[in-house]
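Peer 1: Need coordinates for the following:
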Amino acid sequence: MIDKRFDSAREAVADIFDGATIMIGGFGEAGSPIELIHALIDQGAKSLTVVSNNSGTGLVGLAALLRAERVSKIVCSFPKTAGSTVFPDLYRAGKIELELVPQGTLAERIRAGGAGIVAFYTPTAVGTPLAQGKESRVFGEREHVLEHGIRADFTLIKGHTADTHGNVLYHRTARNFAPMMATAATVTIVQAAEVVEAGALDPEIIVTPGIFVDRVVHVPSPALESALNEAGASYP
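Peer 2: Modelled structure (predicted):
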């Protein structure tokens, strides 16, 4: 088996290219891979499409990536949340495109992409502006709209413990979108607070199998978005 460890976040994101589609895990602060995102800012890739639950808060993490104007489009469910100021300003200025997706639909589109399902029908969003321009069909006397599975070039996620083969455990709700996103990208990159040798994890409790993970970076003391924002931090 291949040892999937990379020496640094910088090395792990080095080949992310201009125009790439990137899934970024996290539900607000929970599970946000801040160190990988900051490494991506330093790396310089631009014109990115980001798939994420939200658009970040403050001036760190995902919000910092947007503020650096590296993202041309974001696909998310909550573009404006408490503490989110960067995205609204960019959107009003016409500097970023938004594809708004209901949260359950977003999760299923990612899961479908990972499972090889090209598209599916759902009643969610029927009769709203989000259904405009989409194919629809009636099943059981109820209208459904067609949604397409999402795949990405890269996924950036935050685990709690990973082994050298890429098997990953998460800290409680920090798993959120990460297990689905790991299945739906060409290259999945994981930052983990603890990295152990292969065989050290009980196979019965592994959440993301190593077959879906390509790179593992040890980040022993990951930053917390809330702590950084409380301190008034910004990146870079």
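Peer 1: Show me where the chain dips below the pLDDT cut-off.
Peer 2: 1 (pLDDT under 70).
Peer 1: For it, list the residue farthest from the centre, please.
Peer 2: Of all residues in the chain, residue 141 has its C-alpha farthest from the mean position, at 35.5 Å, by Cα atoms, centre = their mean.
Peer 1: ok but residue 202 is inside a helix, no?
Peer 2: No - assigned with DSSP: H, G, I helix; E, B strand; the rest coil, residue 202 falls outside any helix and is coil.
Peer 1: how far away is it from residue 192?
Peer 2: Distance, residue 202 to residue 192, using Cβ to Cβ, to the nearest Å: 16 Å. Every residue, glycine included, has its C-beta placed from N, CA and C.
Peer 1: Between these two, which is the more surrounded one?
Peer 2: Counted by other Cβ atoms under 10 Å, residue 202 and residue 192 do not tie: residue 192 has more neighbours, with 26 against 8.
Peer 1: in its sheet, what does the helix or strand containing the more buried one sit against?
Peer 2: Using DSSP states H and E, residue 192 falls within strand 185-196. Paired with strand 185-196 in the same sheet, following DSSP bridges, are strand 152-163 (parallel), strand 215-218 (parallel).
Peer 1: Could you say which of those strands is packed most deeply?
Peer 2: The highest mean neighbour count among these, using mean count of other Cβ atoms under 10 Å, belongs to strand 152-163: a mean of 26.
Peer 1: Next, the angle from the longest helix along the chain to strand 185-196.
Peer 2: Criterion DSSP state H: the longest helix present in the chain is helix 103-115. With axes from the mean of the first three to the mean of the last three Cα atoms, to 10 degrees defining the directions, helix 103-115 sits at 90 degrees from strand 185-196.
Peer 1: For helix 103-115, which helices and strands make contact with it?
Peer 2: Other elements packing on helix 103-115 under the criterion 3 or more Cβ pairs under 8 Å, 6 or more residues apart in numbering; DSSP states H and E are strand 119-122, strand 142-148, helix 178-183.
Peer 1: The spatially closest residue to residue 26 that is not a sequence neighbour and residue 202: what is the separation?
Peer 2: In space, residue 26 comes closest to residue 32 once its chain neighbours are excluded; the distance is 3.6 Å by Cβ to Cβ, 6 or more residues apart in numbering. Taking Cβ to Cβ as the measure, residue 32 falls 26 Å from residue 202.
Peer 1: What of residue 166?
Peer 2: Distance from residue 166 to residue 202, counting by Cβ to Cβ: 16 Å.
Peer 1: same check, this time on residue 104
Peer 2: Residue 104 sits 31 Å away from residue 202, going by Cβ to Cβ.
Peer 1: next one: residue 179
Peer 2: Applying Cβ to Cβ, the value for residue 179 to residue 202 is 17 Å.
Peer 1: re the thing from before, between strand 142-148 and the longest helix of the chain, find me the angle.
Peer 2: Computed by the same axes, to 10 degrees, the angle between helix 103-115 and strand 142-148 is 50 degrees.
Peer 1: what's helix 103-115 in contact with?
Peer 2: By Cβ atoms under 8 Å, 6 or more residues apart in numbering, the residues outside helix 103-115 that reach it are 23, 51, 53, 75-78, 101, 118-120, 122, 124-125, 147-152, 177, 180-184, 212.
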